[in-house]
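Colleague: Need a 3D model of the sequence below.
(4 chains, ligands or ions: 4)
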Amino acid sequence: MTRPLSDDDLRAMMTHMIGARVSSQRAFNLQRQGRAGTNAPIDGSEAIVVGAARALDPTADWVLPQYREPVALQRFGPEVLESYVRYILGDPDGGHIPEPVRVWPPQISLATQVPHAVGMAWGMKRTGETGCALVFLGDGSTSEGDFYEAANFAGVLRAPVIFVVVNNGWAISTPVASQTAAKNFAAKSHAFGFPGTTVDGTDILAVYEVVSEARERAVSGAGPTLIEAVTYRLAPHTTADDPTRYMPDDELVAARGRDPLTRFQKELSGRGLWSDDDTTRAEADADAVMEAAIQAAEADRANPIELFDHVHAIRTTRLERQRREWIDHYGEDPR
Amino acid sequence: MTRPLSDDDLRAMMTHMIGARVSSQRAFNLQRQGRAGTNAPIDGSEAIVVGAARALDPTADWVLPQYREPVALQRFGPEVLESYVRYILGDPDGGHIPEPVRVWPPQISLATQVPHAVGMAWGMKRTGETGCALVFLGDGSTSEGDFYEAANFAGVLRAPVIFVVVNNGWAISTPVASQTAAKNFAAKSHAFGFPGTTVDGTDILAVYEVVSEARERAVSGAGPTLIEAVTYRLAPHTTADDPTRYMPDDELVAARGRDPLTRFQKELSGRGLWSDDDTTRAEADADAVMEAAIQAAEADRANPIELFDHVHAIRTTRLERQRREWIDHYGEDPR
Amino acid sequence: MSHVEEIPDDASQEMNMLEAINHTLHQEMRRDERVMVLGEDVGHNGGVFRATDGLHTEFGGDRVVDTPLAEAVIVGTSVGLAAAGQIPVAEIQFLGFAYQAMHQIAGQAARLRFRTRGRFQARITIRSPFGGGVRTPELHSDSILSQFANVPGLKIVAPSSASDAKGMLATAIRDPDPVLFLEPLRGYRMIKDEVPLGEHLVELGKARTVSDGSDVVIIAWSYMVDVAMRAATELANEGISARIVDLRSIVPLDTEAIAQAVEDCGRVVVVQEAPETNGFASEVIATINDTSFYSLEAPVERVSGWDAPYPTGQLEDFYVPDVGRVVAAVRRVVETP
Amino acid sequence: MSHVEEIPDDASQEMNMLEAINHTLHQEMRRDERVMVLGEDVGHNGGVFRATDGLHTEFGGDRVVDTPLAEAVIVGTSVGLAAAGQIPVAEIQFLGFAYQAMHQIAGQAARLRFRTRGRFQARITIRSPFGGGVRTPELHSDSILSQFANVPGLKIVAPSSASDAKGMLATAIRDPDPVLFLEPLRGYRMIKDEVPLGEHLVELGKARTVSDGSDVVIIAWSYMVDVAMRAATELANEGISARIVDLRSIVPLDTEAIAQAVEDCGRVVVVQEAPETNGFASEVIATINDTSFYSLEAPVERVSGWDAPYPTGQLEDFYVPDVGRVVAAVRRVVETP
Ligand SMILES: Cc1ncc(C[n+]2csc(CCOP(=O)(O)OP(=O)(O)O)c2C)c(N)n1
Ligand SMILES: Cc1ncc(C[n+]2csc(CCOP(=O)(O)OP(=O)(O)O)c2C)c(N)n1
Ligand SMILES: [Mg+2]
Ligand SMILES: [Mg+2]
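Modeller: Ligands and ions are numbered 1, 2, ... in the order given. Model (predicted):
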């Protein structure tokens, strides 16, 4: 059922994981330098996002991220990262991922993207498109009503949707044990009437496997799947967070020993598909891509007057009047 | 574990079921006569509510109903029905169930009462009170985020709370199959990490049994229980509903054959505890109680100026000003 | 456009509000097969008020969908459906339950276009009845449109005639942006007028002058227009000539029409069902302050519900503004020297 | 009352807003052991801004509770806790996420007393930061208080000084009714002033005259008071004497203080971060219309956010009202003949 992975696939997956880590760390530093706003590093979740993306068809499937995932969605096109860089720079275009890339921008209001994914999947089903929608949400976000309401409806609709719960152990400072008493997050699927499965989120091949199966179910009309991918958050929640206040040091140290990047690197090295040189090169390449994206974004900052655009398809008279007042006050382009 | 039921208990339960049915039908007719507003008959759910109430301790436990249950909560005191009659008459005091009766007024905004129950249970736990909160909600109401959010939190808190899902097959015109794909509503407890169980809601003794066990769990600190009680709605959704538009006739006919009242009556007759005379008397008594409640409520209608009361503990200056304007316009008592 | 009906240009028929809405939903669904209707009890039951009656039979369960009982997901899946190219017409059974969907309406649907810089648009119409006077249980009657009026990106309309209901609903469904379409519960069967049977679109953002007058303008919307009309009749007997402006569209607001009426009449009464504090009447008054301060011959009078929750049935006739209160307010404003 | 501290009557200390809030929570929790704090990350982490720092250590996990990530249940269980005799102080991490709890705030907490005719009261304080200027992601900065101002039964306060934050938070916690307590995100560390260390209560519903002046009154609340103060300094250089009234309490509104200021100054500017349409400034203007129409020498000016969603970081300084826009508005209103 699962499409076998070629050596090129495997190498690309490793490259993307490294790219994600590098981009995420650059983004973090950018904030420290005062060049970017608050952002949320991916460290620890790379295998989940890259593995899931590999199981999808970027020309047919949709991805609705929470906020950590964009750096690891290279498979859907370079535009995802380019927009993400603008996003953390506070550029409105950060929310615009151009056609035909089938990825939504980051979602800040937790779990609200889950019904959107179900709606998209439902729409695709209605029009007979072959494809699915995959939505990421965190362990903490499963506590929001939107997740349950949407997953429950998806079950009724047998919509082609895959719910990937990225269980990284924490929702900011709140550990999973304070989030739910459920045996695990996969068990929540009993509430919705479709299969749920837990996978080791540090094992990219295992993630690839379960998402492939879920996709197969989705596109064959068998309905949704809930996947819980377990990992550990290896970095602060965001640039604004200080995890030493709440995260047990030994847990973090142990989790570092299960770094998904190291694991896959070992695996590929063992197969003779990866060397330390490859790592160095992948890191350098990712850095260059990120650097280019940052340069491009910084060189082309938004004219603040754009705040009047895209409120409606056509501006209302009142908004036109406000825009005129704005120009009277700030000028046409106060950059 | 379960407190054995005396013959008096059994007879009281039968009496309460009959009372519930009679009150509910009188309420329905009252609306037809233009003397009451929209109301929701209990027909079909009597065993669930009366059975559950019997398993509780009215001096220690709380009941948070949805909107069908008040007519069947005689065990908590006559005030519940008296207030309910005022409620359907549109009297503001319908929302007031006096101390020390531990019953909340009907809830219209579906499932919003579920977090309230969890909060109460949590509060009782904090102060070391021995007791629990039991909350009723319909099959349809389980689709609301509030149910999931609250049940999930209750699991974490191990709060002394019992969730009773009254599965009467319908949410207005929406059948259970359109509500969820879950195997059953009890299975939803997997999402929360505490036990769930399905019980035949036409069998009052079975209901009594499972609620007794759930209460035992609750007060012993073992945490929440989810109970799905299955029955069938034997009357229109409310006085405003026409079920012939959507309810299959054969289903309804079959369900009438499983009327919880008939079932328990047979059971008690078989044990020599109930006769047809008892039924006649119970009906007449219930009718008299209801009649008295209606008389009292109709004789003592609210002065509309009461709409300014209980908005806050103390009226704001603005509300005082509005109240003066109101008096200028309508007088002190325009009844 | 999958189907266009042949109807003589000038054909019309008397309909009540519900009939007009039902008729329009049929027409729009025939016209564009991307239009879907979803909500609680909208399918087999045809809606608890029959607004969607017959749609399930004609268009099937694929396009007319009984959802689970969860308002946030009705709106939330509509956002996804719209992004996938469908045109959802979602029903919230009573506006008071839109609170449950507030984060999806205000936080998501209303800003999807803005957030994605036009990549996705939330072409969604959210229909919902509201308003009091019919002895409903709690929260069914609450007039909470002002809770949505400060939400950028969202349009809000509240027609008071069957004809406008048709014209504005059709326009809303064809509008590329999310529109909250508010239906007067009390007027569903009581409001009756001639409705054009063919294509009939009413631009959003244009008020309607219901009746002319020169001493005072009464500004209202939805069912309060009916109250205003009855008040005007009574006032006419006293020799007071009241113009009535039906806003119809709350957002966008027809500032020009308001300014014109204030300029013509000099005296203004605004009527709303909502509680006074920060009800939409406040915005009307603030707008008049901006545009027409010097035309005012007296302070604007507002007639509102009181700053109390919508009360139970026995009290509601003393809560919702009635003809007597509107008449009194008009007299006050007219008598102001 | 489980514990009362011995503090000299006149002792005070300079604190920033966050410190004042933290100090007050400590005092109120010591004073009454029914007071509980609940919300996302309020426990071990001490809140994402440290507003609840130290509470978990002092009062334990039984009274300072990290909830699951679900705003509706934070407020919903608070309603139940209150009915069971506890006094919950709930935190919504950012006001934009209060949308998720709207049905529990507006539909339940605010009307519990009314619905039960006093049998239950929702003695709940809901704390939440809001407002822009600090480059937060979406929805964190949205100034959505007007979405709550039309909700009867709910009080809303938005202090602009550390001292008021203490006095109003303590009063809110002791108030028998639900209070939405809004904290200026941008002012958390920037706003600093002397805070009395002992008992210090500020009555809800009373505005505060921040600085005197006679040519114009600037009405503002929360962080916009700071902007108004800086504008006033600039205006003073031009010889314009601006009075600043900090509403502090949105509901109940201090109508008298507003009327007095309008009477004294005759010219008014209202400043709000929210979008213009139906922002709370509209209610301020409507109130002035009711009470002080004849004192106005010019139309009231309102300075607002624009009718667009709160934008991303690069744009926000051109969205939130700044000193320049307030100064310009004052000049306009003062120059009106
Ligand atoms: C509706 C909502 N509530 C609260 C927040 C504030 N917040 C941002 S991230 C976060 C924790 C999310 O945890 P989780 O879902 O596990 O994702 P993770 O950050 O671990 O990837 C919180 C509480 C928010 N963004 N949205
Ligand atoms: C939040 C909310 N949404 C919608 C409604 C309208 N409504 C009233 S009863 C009902 C169906 C409830 O079904 P269920 O929970 O199964 O209870 P039942 O009526 O069958 O006892 C609906 C949709 C409501 N009252 N509250
Ligand atoms: Mg997490
Ligand atoms: Mg039901």
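
Colleague: residue ranges of the strands in the stretch 101-250 of chain A, please?
Modeller: A:133-138, A:161-167, A:170-171, A:174-175, A:196-200, A:225-230 (DSSP state E, counting those that start in this stretch).

Colleague: Now distance to B:Pro100 too, for those, in TSV please.
Modeller: C-beta coordinates here come from the backbone N, C-alpha and C atoms, glycine included. Output for the strands of the stretch 101-250 of chain A, formatted as TSV (distance: least, CB to CB, whole Å):
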stretch	distance to B:Pro100
strand A:133-138	44
strand A:161-167	45
strand A:170-171	40
strand A:174-175	38
strand A:196-200	45
strand A:225-230	45
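
Colleague: Figure out which of the ones you listed is closest to D:Gly54.
Modeller: strand A:174-175 (18.1 Å; CB to CB).

Colleague: Go ahead and name everything in contact with the closest one.
Modeller: A:Gly140, A:Gly169, D:Glu40, D:Asp41, D:Asp66, D:Pro68, D:Leu69 (CB atoms under 8 Å, 6 or more residues apart in numbering or on different chains).

Colleague: neighbours around residue 42, how many?
Modeller: By default, I'm working from chain A. Around A:Ile42 there are 28 other residues, counting by other CB atoms under 10 Å in any protein chain shown.

Colleague: meant chain C actually
Modeller: 29.

Colleague: before we move on, the earlier item: just send the strands of the stretch 101-250 of chain A back as CSV, with distance to B:Arg335, mean pLDDT and mean neighbour count too.
Modeller: Compiled in CSV, these are given as follows (distance: least, CB to CB, whole Å; pLDDT from 0 to 100; neighbours: other CB atoms under 10 Å in any protein chain shown):
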stretch, distance to B:Arg335, mean pLDDT, mean neighbour count
strand A:133-138, 55, 98, 28
strand A:161-167, 57, 99, 29
strand A:170-171, 55, 98, 23
strand A:174-175, 54, 98, 20
strand A:196-200, 59, 98, 19
strand A:225-230, 58, 98, 26
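
Colleague: Tell me which of these lies nearest to ligand 1.
Modeller: strand A:133-138 (2.2 Å; CB to the nearest ligand atom).

Colleague: can the closest one be found next to chain B?
Modeller: No - counting by CB under 8 Å from any CB of the partner chain, no contacts exist between strand A:133-138 and chain B, the nearest distance being 14.0 Å.

Colleague: List the contacts of that strand.
Modeller: A:48-49, A:52, A:56, A:61-66, A:68-69, A:110-111, A:113-114, A:116-118, A:120-121, A:124, A:147, A:159-168, A:171, A:211, A:215, C:80.

Colleague: Quickly check the contacts of strand A:174-175 for the two that are furthest apart.
Modeller: A:Gly169 and D:Glu40 (15.9 Å).

Colleague: Could you check which of the two is surrounded by more residues?
Modeller: Higher neighbour count among A:Gly169 and D:Glu40: D:Glu40, with 27 against 19, using other CB under 10 Å.

Colleague: Please report the distance of the nearest residue to the more buried one once chain neighbours are set aside from C:Tyr188.
Modeller: Residue nearest to D:Glu40 in three dimensions, not counting chain neighbours: D:Gln93, with 5.0 Å by CB to CB, 6 or more residues apart in numbering or on different chains. D:Gln93 sits 41 Å away from C:Tyr188, going by CB to CB, to the nearest Å.

Colleague: With C:Gly324 instead?
Modeller: Relative to C:Tyr188, and taking CB to CB, C:Gly324 is found at 24 Å.

Colleague: Looking at those two, which has the bigger crowd around it?
Modeller: A side-by-side neighbour count of C:Gly324 and C:Tyr188, using other CB under 10 Å, places C:Tyr188 first with 22 against 13.

Colleague: doesn't C:Met15 make contact with that one?
Modeller: No - counting by CB atoms under 8 Å, C:Tyr188 stays clear of C:Met15, with 11.3 Å between them.

Colleague: Quick check on residue 234: phi, psi?
Modeller: Answering for chain A, as no chain was given. phi -90, psi 0 (degrees, to the nearest 10).

Colleague: residues near it, how many?
Modeller: When neighbours are counted by other CB under 10 Å, A:Leu234 registers 21.

Colleague: Run through the residues of chain C sitting next to ligand 2.
Modeller: Residues of chain C found near ligand 2 (CB under 6 Å from any ligand atom) are C:Glu40, C:Leu69, C:Gln93, C:Phe97, C:Gln100.

Colleague: returning to that earlier point: let me know the closest of the contacts of strand A:174-175 to ligand 3.
Modeller: A:Gly140 (5.0 Å; CB to the ion).

Colleague: Can you give me every residue that contacts the residue nearest to that closest one when sequence neighbours are not counted?
Modeller: Once flanking residues are discounted, A:Gly140 sits nearest to A:Ala171: 2.3 Å by CB to CB, 6+ apart. A:Ala171 makes contact with A:Gly138, A:Asp139, A:Gly140, A:Ser141, A:Ser143, A:Gln179, D:Glu40, D:Leu69 under the criterion CB under 8 Å, 6+ apart.

Colleague: Distance to ligand 3 for these - can I get that in TSV?
Modeller: Shown next, in TSV, are the contacts of A:Ala171 (distance: CB to the ion, whole Å):
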residue	distance to ligand 3
A:Gly138	4
A:Asp139	4
A:Gly140	5
A:Ser141	8
A:Ser143	11
A:Gln179	8
D:Glu40	12
D:Leu69	9
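
Colleague: Which among those count as buried?
Modeller: A:Gly138, A:Asp139, A:Gly140, A:Ser141, A:Ser143, A:Gln179, D:Glu40, D:Leu69 (16 or more other CB atoms under 10 Å in any protein chain shown).
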